[in-house]
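[1] sharing a model that was predicted from the sequence below.
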Amino acid sequence: MNGTTTGILDVNRPSTYFAKYRAYPIFVNGKKVGSVKDGAALTVQLPPGSHEVWSKIDWEKSNTARIRIEAGITTKIRVGYKKKKGRRLFVPIALSLIAIMAGATFGIVFLTVIGVVGILMA
């Protein structure tokens, strides 16, 4: 061994559109150890052993990663926003389109009835 008494945690954040101009605060064992900007990395020295790592932005907290740090070794993790898959987006989009079509249909029927009543009253 090289006599090192700490290990290194390297937190990488790939560049994404979500929260691009905000830094993610990083917590280790309940204490804030720094923050990582979009497309950047944060390096933290930690004592060997088990640690809990998470991030938080506004009221959203990430899942907790349980990591093991070894002296003289770099442990790498990645943080970022997980994109929703297309199937999850299908239902809200379909419901929105149905609501728009129903509203348009109601509007056309309503205007037609008003027009017919107006013609009959003239």
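    Received, thanks. As the structure is a computational prediction, the values presented were derived from the model and not from experiment.
[2] when you work out contacts or count neighbours from here on, use the C-alpha atoms and nothing else.
    Fine.
[3] break this structure down into its structural domains.
    According to automatic domain parsing, the chain comprises the domains 7-78, 84-122.
[4] okay, those domains in TSV with mean neighbour count and mean pLDDT next?
    Below are the domains of the chain laid out as TSV (neighbours: other CA atoms under 10 Å; pLDDT from 0 to 100):
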stretch	mean neighbour count	mean pLDDT
domain 7-78	15	91
domain 84-122	11	77
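[5] for Lys32, give its distance to Leu95.
    42 Å (CA to CA, to the nearest Å).
[6] what's the answer for Thr43, then?
    In terms of CA to CA, Thr43 sits 45 Å off from Leu95.
[7] and the residue most central in space within the chain, helix, strand or coil?
    Central residue of the chain (CA atoms, centre = their mean): Tyr81, 3.6 Å from the mean position. Tyr81 carries the three-state label coil when classified by DSSP: H, G, I helix; E, B strand; the rest coil.
[8] quick check: phi and psi on the spatially closest residue to it that is not a sequence neighbour?
    Spatial nearest neighbour of Tyr81, chain neighbours left out: Phe18 (6.8 Å); criterion: CA to CA, 6 or more residues apart in numbering. The phi/psi pair for Phe18 (degrees, to the nearest 10) reads phi -70, psi 130.
[9] I'd say Phe18 and Gly39 touch.
    No: the criterion here is CA atoms under 8 Å, and Phe18 misses it with Gly39 at 11.7 Å.
[10] give me the element Gln45 is part of.
    strand 41-46 (DSSP states H and E).
[11] what helices or strands is the helix or strand following that strand leaning on?
    Counting by DSSP H and E, the next helix or strand C-terminal to strand 41-46 is strand 49-57. Contacts defined by 3 or more CA pairs under 8 Å, 6 or more residues apart in numbering; DSSP states H and E place strand 49-57 against strand 24-28, strand 65-69.
[12] give me the residues contacting the helix or strand that comes right after the last one.
    Spelled out, it's strand 65-69. Using DSSP H and E, the next helix or strand after strand 65-69 towards the C-terminus is strand 74-78. Residues outside strand 74-78 that contact it (CA atoms under 8 Å, 6 or more residues apart in numbering) are Gly7, Ile8, Leu9, Asp10, Val11, Asn12, Arg13, Pro14, Ile69.
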